[in-house]
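sharing a model that was predicted from the sequence below.
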Amino acid sequence: MTHKLTAKAALFLCIPPVLWAGNAIVGRMVASQIPPMTLNFFRWAIALAIILPFVGRLWALKNEANGAVWRLVLLGLTGMGCYNSFQYLALQTSTAMNVTLVASSMPVWVLVIGRVVFKQRVAARSWAGAALSLLGVAVVLLQGDLTRFTQLKLVPGDAWMILATWAWATYSWLLSRPTPAQSALQHDWLAYLMAQVMFGVIWSGAFSAAEWTLPMATGAASPEILWSAGLALALAYVAIGPALLAYRFWGAGIALAGASTAGFFANLTPLFAATFSTLFLGEAPRGYHAVAFGLIILGIVVSSAKRR
């Protein structure tokens, strides 16, 4: 399948980072109110409940779904079971700055996993684009001050976020390189997403069960949920925005532009997070925001440029 970065693909790929920026903020806000694996389980269980009335569309494609079942199992594991669980787990012990910095390595891991696992040839322009994109994110995270590197401290959450980026990179390639049965299922985006979410609920439910049972088996302190109106609103947001809508547009964007190019758009998330800080925290934009935005956009352009 030929992939190309069109205006439509770029729009589709810009929407998820906006929603994911909000997800990081919300996830950090409720970190003390709900265990991370359980947060992820509720996220996908609510998402499934929202789209379940349309299960007839998936039933009409049951033969295609059965043919792609093992690919769907992997999509549910990597993109829904692992990625978000690991991200929420990372936010328990790591700072937002560290988590975002580790997540900014996404384009590099997409290229590495594409080359090693999927035997995808990686062009030099893709590596150059990755370097520019990472530089842009670093400018935002360091606020234009290189001395801020000395303030970074590695904690267990950083390792969890590395695992999360590996999971997401694999998920993106599984979307970009569909099997014949998977391709047939993709024609109905809602049925395709529902099939993934079903397995995502199974995987996240298993992780959540372990989160509650392991402490009982080891004698450690049991987790708890501190219910509130704010937590309920947070669950509604992460289920509708960063889950259903973001995954819909991410999948559509990858189908058009490919996994390698799409990986660069994930680095727009810190910029949108900075924008949210301006809107909700009253922090005025700085000159380095414009520099970072230019570098990330340049990275996208370089990576997607046609060979002459």
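That came in fine, so what should we check first? Numbers count the residues shown, from 1 in each chain.

spit out the contact partners of the closest residue to Met106 other than its chain neighbours.
Excluding the flanking residues, the one nearest Met106 by Cβ to Cβ, 6 or more residues apart in numbering is Ala266, at 4.7 Å. C-beta here means a position set from N, CA and C on the backbone, and glycine is covered the same way. Counting by Cβ atoms under 8 Å, 6 or more residues apart in numbering, Ala266 touches Pro16, Pro17, Trp20, Ala103, Met106, Pro107, Trp168.

including pLDDT and secondary structure, could these go into TSV?
Putting the contacts of Ala266 into TSV (pLDDT from 0 to 100; DSSP: H, G, I helix; E, B strand; the rest coil) gives the following:
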residue	pLDDT	secondary structure
Pro16	93	helix
Pro17	89	helix
Trp20	87	helix
Ala103	75	helix
Met106	78	helix
Pro107	77	helix
Trp168	90	helix
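
ok, the residues you listed vs Ala9, which is closest?
Nearest to Ala9 among the contacts of Ala266 is Pro16, at 12.3 Å by Cβ to Cβ.

any idea how far that closest one is from Thr269?
For Pro16, the distance to Thr269 equals 8 Å [Cβ to Cβ, to the nearest Å].

with Gly205 instead?
Per Cβ to Cβ, Gly205 is found 27 Å from Thr269.

do the same with Ala210
Noted for Ala210: a distance of 28 Å to Thr269, by Cβ to Cβ.

so those two - more neighbours on which side?
Each of Ala210 and Thr269 has its neighbours counted (other Cβ atoms under 10 Å); Thr269 has more, 23 against 12.

show me the contacts for the more buried one.
Counting by Cβ under 8 Å, 6+ apart, Thr269 touches Pro17, Trp20, Ala21, Ala24, Thr100, Ala103.

need the pLDDT of it.
We have a pLDDT of 79 for Thr269.

cool, the one 3 residues further on as well?
Reading off the per-residue confidence, Phe272 sits at a pLDDT of 79.

so it makes contact with Pro17?
Yes - Phe272 is in contact with Pro17 according to Cβ atoms under 8 Å; the separation is 5.5 Å.

who has more neighbours out of these two?
Set Phe272 next to Pro17 and count neighbours by other Cβ under 10 Å: Pro17 wins out with 21 against 17.

I'd say that one and Phe264 touch.
No - the pair Pro17 / Phe264 is not scored as a contact, 10.4 Å apart, by Cβ under 8 Å.

give the closest residue to Leu256 in space, chain neighbours not counted.
In space, Leu256 is closest to Ala9, 3.7 Å off (Cβ to Cβ, 6+ apart).
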